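S.K.: compute the structure for the input listed below.
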Amino acid sequence: MDIIIQSLGFKASNALESYIREKLNTLKTDKIVRANVTLYKGPDSTPENNYCEIRLEVPGQDHFVKKVSPHFEPAVNECVDVLQAQIVKVRGRKEDGNRHQDKLNIQDVLMQEDSDNNEDVELEDVVK
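M.R.: A predicted model of the protein is given here:
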């Protein structure tokens, strides 16, 4: 996974950049092409607001999250947690779609077998 870190209006320390890379490498998927991380501080009226935006480029629709915190590390943690939940949610949808397709295929085979010879077909025969 390619990780691009941009810090707007300040120079991010090497420790902060390595922390971000470490956290992003915990995401459990092999389909991530690139992670774009943008760090910036809030306006002068609220200097304690530090923003973290992360966009994960994956095939299909990208994942994006933006969090604010008094320090960058908690904002990065929250972003990574939300991204992990998004990845799990999308993976669950894909698996549910695959299960639905398998169910339809089994029904089609059962209907085909039933119309071909009008004998009882066991589910074990279909799954094999």
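
S.K.: what about the residue lying closest to residue 25 once chain neighbours are set aside, distance to residue 86?
M.R.: The shortest distance from residue 25 to any residue other than its chain neighbours is 7.4 Å, reached at residue 1 (Cβ to Cβ, 6 or more residues apart in numbering). Bear in mind the C-beta positions are built from the backbone N, C-alpha and C, glycine included. Computed with Cβ to Cβ, to the nearest Å, the distance linking residue 1 and residue 86 is 16 Å.

S.K.: got it, and residue 63?
M.R.: The value you get for residue 63 to residue 86, if Cβ to Cβ is used, is 5 Å.

S.K.: repeat for residue 34
M.R.: 16 Å.

S.K.: between these two, which one's more packed in?
M.R.: Using other Cβ atoms under 10 Å, the more surrounded residue of residue 34 and residue 86 is residue 86, with 17 against 13.
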